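> Model the following, please.
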Amino acid sequence: LATLGLTLVGFAFSGYLTYRELFSIHAICEWCASSAVILTLLFIGAAYRYVTVSDQSARAAPPPLPPKGNGARTATSAPAGRTKART
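So this is what the prediction gives:
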């Protein structure tokens with residue numbers, strides 16, 4: 001949500017500056033135009049991410065998988081984490 005909000009502010013401010021650039025200054029800056037394009041792409045990406053992640057989080061999580069086997073150790077299996085023999 002923070003990403004969407006920050007990119008929205010940047011997109012809106014970039015739109016305002018582009019408006020002033022076209023109608024007040026009557027000149028187009030290449031750096032400003034490329035910044036406006038980048039902020040537009042960031043805003044679109046953030047909005048897409050917000051919509052898709054919100055949809056996924058609304059769904060119920062799948063149930064956990066059952067454990068494999070019966071959980072009992074055999075006499076030949078070593079405890080977890082111990083691979084070297086003690087001396």
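
> Hmm, Ala33 is touching Leu17, no?
No: Ala33 lies out of contact with Leu17 (C-beta atoms under 8 Å); the separation is 10.2 Å. C-beta coordinates here come from the backbone N, C-alpha and C atoms, glycine included.

> for this protein, what spans make up the helices?
In order along the chain, the chain carries the following helices (DSSP state H): 2-20, 30-58.

> Relative to Pro67, which of these is closest?
Counting by C-beta to C-beta, Pro67 lies closest to helix 30-58 out of those; the figure is 26.3 Å.

> quick one: buried residues of the closest one?
32, 36, 39, 42-43, 46 (16 or more other C-beta atoms under 10 Å).

> quick one: low-confidence ranges for this structure?
Low-confidence segments of the chain, defined by pLDDT under 70: 54-62, 69-87.

> Go again with 80.
By pLDDT under 80, the low-scoring segments of the chain are 54-87.

> May I have the residues that are in contact with the closest residue to Tyr50 other than its chain neighbours?
In space, and not counting its chain neighbours, Tyr50 is closest to Leu4: 4.7 Å by C-beta to C-beta, 6 or more residues apart in numbering. Neighbour list for Leu4: 46-47, 49-50 [criterion: C-beta atoms under 8 Å, 6 or more residues apart in numbering].

> Pretty sure Leu1 sits against Tyr50.
Yes: with contact defined as C-beta under 8 Å, Leu1 reaches Tyr50; the gap is 6.8 Å.
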